[in-house]
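Undergrad: quick one: sequence and predicted model below, then my questions.
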Amino acid sequence: MMTLTDDQRMLQDTVRPFMAEEGAIKSQLRHWRDTGCTDGYGTALWKQFAELGLTGILIPEGVDGERVRTAMREHFEIEIGSAFGPLQGRIWRIGAMGYNAMKHKVLLTLGALETCLRQEGFSLPAGEAVPAAIEAWDA
């Protein structure tokens, strides 16, 4: 039998009732039918995931996720989390709740992550993350 940490138990206690109510396939199919959803994945459900802090970012192939986390912390004083269990080392968890949900903190985190990814050799357009986020935020 697996023993959960307090954090894992809290996550389980949050996710289990949410998924039983909101994430059930029948609920999502009904939502897609009733709203004419054409995105194929239900943006409302993903928005709720984000509000609960249940979203993650896939670590790009060839990028050392721990080195990026260390650089974010050492250069920008931004802490990003790793995952639990089978997703450990495959996704980052970036908190966007409370103080960290403020626009300037989100923009700083995006800019810092872009910088750290480029330092790891990951190819992405320089300087596009923050302007795109501002545009989306102001839309």
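TA: Perfect, I can see it now.

Undergrad: from the chain's centre, how far out does the helix or strand that contains Asp13 sit?
TA: Per DSSP states H and E, Asp13 falls inside helix 6-21. Averaging C-alpha positions (Cα atoms, centre = their mean, to the nearest Å) puts helix 6-21 17 Å from its chain's average.

Undergrad: how about that helix: buried residues?
TA: For helix 6-21, the neighbour count (16 or more other Cβ atoms under 10 Å) marks Leu11 as buried. C-beta here means a position set from N, CA and C on the backbone, and glycine is covered the same way.

Undergrad: for the nearest residue to Arg73 once chain neighbours are set aside, give me its contacts.
TA: Distance criterion Cβ to Cβ, 6 or more residues apart in numbering; nearest residue to Arg73, sequence neighbours excluded, is Glu79 at 5.7 Å. By Cβ atoms under 8 Å, 6 or more residues apart in numbering, the residues touching Glu79 are 69, 72-73.

Undergrad: what is the nearest of the residues you listed to Gly62?
TA: Nearest to Gly62 among the contacts of Glu79, counting by Cβ to Cβ, is Arg69 at 15.8 Å.
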